[in-house]
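Student: give me the fold of what follows.
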Amino acid sequence: MVTASSSQLPLTPCTGVCRIGARGLCEGCLRTLDEIAGWSRLDDTQKLWIMDEVLPNRQAG
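Tutor: Prediction:
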């Protein structure tokens, strides 16, 4: 996962591996289709929360 400091705009967690797996998550970035589709509408705080909290928890699970 790529995270950003508060002085940078958050980057996308997209890895270019865009396949939805059996769990309903992208096999590359672990986001749901709704998260991928709505990414551009999220503010920086929401993006950082997903990248720093949500996605690592999905990877561990």
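Student: and the pLDDT at residue 6?
Tutor: As predicted, residue 6 sits at a pLDDT of 50.
Student: tally of neighbours for residue 26?
Tutor: Residue 26: 20 surrounding residues under other CB atoms under 10 Å. All C-beta spots, glycine's among them, are computed from the backbone N, C-alpha and C.
Student: kindly state the beta-bridge partners for it.
Tutor: residue 20 (DSSP bridges).
Student: and it, what does it touch?
Tutor: 17-20, 32-33, 36 (CB atoms under 8 Å, 6 or more residues apart in numbering).
Student: now render those as JSON lines, adding pLDDT and distance to residue 61.
Tutor: Output for the contacts of residue 26, formatted as JSON lines (pLDDT from 0 to 100; distance: CB to CB, whole Å):
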{"residue": "17", "pLDDT": "95", "distance to residue 61": "19"}
{"residue": "18", "pLDDT": "95", "distance to residue 61": "21"}
{"residue": "19", "pLDDT": "97", "distance to residue 61": "19"}
{"residue": "20", "pLDDT": "97", "distance to residue 61": "17"}
{"residue": "32", "pLDDT": "97", "distance to residue 61": "14"}
{"residue": "33", "pLDDT": "97", "distance to residue 61": "18"}
{"residue": "36", "pLDDT": "97", "distance to residue 61": "19"}
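Student: just the buried ones from these?
Tutor: The neighbour-count criterion (16 or more other CB atoms under 10 Å) marks residue 36 among the contacts of residue 26 as buried.
Student: show me the contacts of residue 26 that map onto strands.
Tutor: Counting by DSSP state E, no part of the contacts of residue 26 is found in strands.
Student: restricted to helices, list the contacts of residue 26.
Tutor: If you go by DSSP state H, the contacts of residue 26 have 33, 36 in helices.
Student: am I right that residue 19 is in contact with residue 25?
Tutor: No. Between residue 19 and residue 25 there is no contact under CB atoms under 8 Å: 9.8 Å.
Student: and residue 13, how far from residue 34?
Tutor: 14 Å (CB to CB, to the nearest Å).
Student: which of the two has more neighbours?
Tutor: residue 13 (21 against 9).
Student: which non-adjacent residue is nearest that one?
Tutor: Leaving aside its sequence neighbours, residue 13 sits nearest to residue 29 (CB to CB, 6 or more residues apart in numbering; 4.3 Å).
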